[in-house]
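1. below: sequence and its predicted model.
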Amino acid sequence: MDREILMDLVTKTMPFGKYKGRLLCDIPEHYLVWMHRQGFPEGKLGMWLNTLYEIRINGLEGILIDLKAMKKR
């Protein structure tokens, strides 16, 4: 997995919708599942959300927790 993409997930915020302004990594899984069914947006945001969806459904949230902690240092 691309480290830059993972860092984007813990530093970029959702630009619209119910979770506008929230870090992408903090978006709830149920919302990602809903977006997956609706279709992710085009471009980088869609790629980030799809990556986050895959991380969540595969139980790999620990990666994001570690990166988020590193970001705070």
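-> Arrived safely, thanks for sending. The shown structure was predicted, so the numbers you read here are calculated from the model rather than taken from an experiment. Numbers count the residues shown, from 1 in each chain.
2. residues in contact with stretch 43-53?
-> With CB atoms under 8 Å, 6 or more residues apart in numbering as the test, stretch 43-53 has contacts from 1, 5-6, 8-9, 12, 15, 24-25, 27, 32-33, 35-36, 40-41. For glycine as for every other residue, the C-beta is placed from the backbone atoms N, C-alpha and C.
3. now do the buried residues in that stretch.
-> Residues of stretch 43-53 classed as buried by neighbour count (16 or more other CB atoms under 10 Å): Leu45, Trp48, Leu49, Thr51, Leu52, Tyr53.
4. cross those residues against strands and list the overlap.
-> Among the buried residues of stretch 43-53, no residue falls in strands (DSSP state E).
5. rewinding a little: determine which two of the contacts of stretch 43-53 are furthest apart.
-> Greatest spacing in these, by CB to CB: Met1 and Pro15 (22.8 Å).
6. buried stuff in stretch 7-22?
-> Asp8, Leu9, Val10, Met14.
7. nearest to Met70, of the residues you listed?
-> Nearest to Met70 among these: Val10, at 8.5 Å, using CB to CB.
8. which residues does that closest one contact?
-> Leu23, Leu24, Cys25, Leu64, Leu67, Lys68, Lys71.
9. quick one, phi/psi of the first one?
-> Listed backbone geometry of Leu23 is phi -60, psi 140, with angles given as degrees, to the nearest 10.
10. among the buried residues of stretch 43-53, name the ones in helices.
-> Among the buried residues of stretch 43-53, DSSP state H puts Leu45, Trp48, Leu49, Thr51, Leu52, Tyr53 in helices.
11. helices of the chain, start to end?
-> Under DSSP H, the chain gives helices at 3-11, 29-38, 43-57, 61-72.
12. which strands and helices sit next to the second one?
-> Helices and strands touching helix 29-38, by 3 or more CB pairs under 8 Å, 6 or more residues apart in numbering; DSSP states H and E, are helix 43-57.
13. the helix it packs on to helix 61-72, inter-axis angle?
-> 120 degrees (axes from the mean of the first three to the mean of the last three CA atoms, to 10 degrees).
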